[in-house]
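Novice: Return a 3D structure for these sequence lines:
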Amino acid sequence: MGKDVIIALDFPSAEDTYRFLDKFTNTKPFVKIGMELFYAEGPSIVKEIKKRGHKIFLDLKLHDIPNTVKGGMQSLRDLGVDMTNVHASGGIKMMQAAVEGLTREDGSRPILIAVTQLTSTSQETMTNELLIDQKIDDVVVKYAANAKAAGLDGVVCSPLEAGRIHSEVGETFITVTPGIRFAGDAKGDQSRITTPERAKEIGSDYIVVGRSITAAADPVAAYERAVKEFVG
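Specialist: Below is the predicted model of the structure:
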């Protein structure tokens, strides 16, 4: 599988998003539409960005009872996105329902991945707030194994866990890793982070980069730097 850099379009409006994308005159980066933008603009933002020629990761992290998640995925499956996701903590039956709902009549569907643990979650949070007393990387690998058992294509994990997931769950099982910062950038609200270059070494298939690109003085140059460091 070819590696790629996904830009997180964490903007509050379509206007801000298009202004940012208009800077990319010679390339069409793979982009992520998350809750902030999708809830503000709805499906129309997805359709317009697809029309502009971008691949889209629709990052809504569905997490509900199986029947509700199935219905939600049925509503999303014809938007033309290339990738979408659920929370692995919903369990295998919920993830299986997501696959069923996302699959079109001809058998095709977007890539479906599961969020293992958010990159803002620390071991302390796991133990003291969520009452999960296992090591965070063990929990992430178990959630990844559950996602594979449910028929999903991969997971969202921190770059620190990508190598172990490939080793224990499967080399072709996709790892999409947020929590990416250039060396010297602020951590922000992330806990488990690394650089594009290190994510490549560990084995991430896709990295998701937000503020290091979107808040850069020259976003195009920052994107090209990320591609150079991660893809080569």
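Novice: tell me what the longest helix seen in the chain is packed against?
Specialist: Counting residues, the longest helix found in the chain (DSSP state H) is helix 136-149. Under the contact definition 3 or more Cβ pairs under 8 Å, 6 or more residues apart in numbering; DSSP states H and E, helix 136-149 sits against helix 92-102, strand 111-115, helix 123-128, strand 154-156, helix 162-169. Every residue, glycine included, has its C-beta placed from N, CA and C.
Novice: Adding distance to residue 4, mean neighbour count and mean pLDDT, write the ones you listed out as JSON lines.
Specialist: Listed next are these as JSON lines, based on distance: least, Cβ to Cβ, whole Å; neighbours: other Cβ atoms under 10 Å; pLDDT from 0 to 100:
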{"stretch": "helix 92-102", "distance to residue 4": "21", "mean neighbour count": "21", "mean pLDDT": "98"}
{"stretch": "strand 111-115", "distance to residue 4": "12", "mean neighbour count": "24", "mean pLDDT": "98"}
{"stretch": "helix 123-128", "distance to residue 4": "30", "mean neighbour count": "14", "mean pLDDT": "94"}
{"stretch": "strand 154-156", "distance to residue 4": "13", "mean neighbour count": "28", "mean pLDDT": "97"}
{"stretch": "helix 162-169", "distance to residue 4": "14", "mean neighbour count": "19", "mean pLDDT": "96"}
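Novice: Looking at those, spot the one closest to residue 22.
Specialist: Among those, strand 111-115 comes nearest to residue 22, with 26.9 Å by Cβ to Cβ.
Novice: That closest one pairs with which strands, parallel or anti?
Specialist: Applying DSSP bridges to the sheet, strand 111-115 is found paired with strand 83-87 (parallel), strand 154-156 (parallel).
Novice: can you put these in TSV and add distance to residue 64?
Specialist: Output for those, formatted as TSV (distance: least, Cβ to Cβ, whole Å):
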stretch	distance to residue 64
strand 83-87	9
strand 154-156	18
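Novice: ok so, going back, give the buried residues for the longest helix of the chain.
Specialist: 136-137, 139-141, 143-148 (16 or more other Cβ atoms under 10 Å).
Novice: those helices in this protein, which residues are they?
Specialist: Going by DSSP H, the chain shows helices at 14-21, 35-41, 43-51, 66-76, 92-102, 123-128, 136-149, 162-169, 196-202, 211-214, 219-230.
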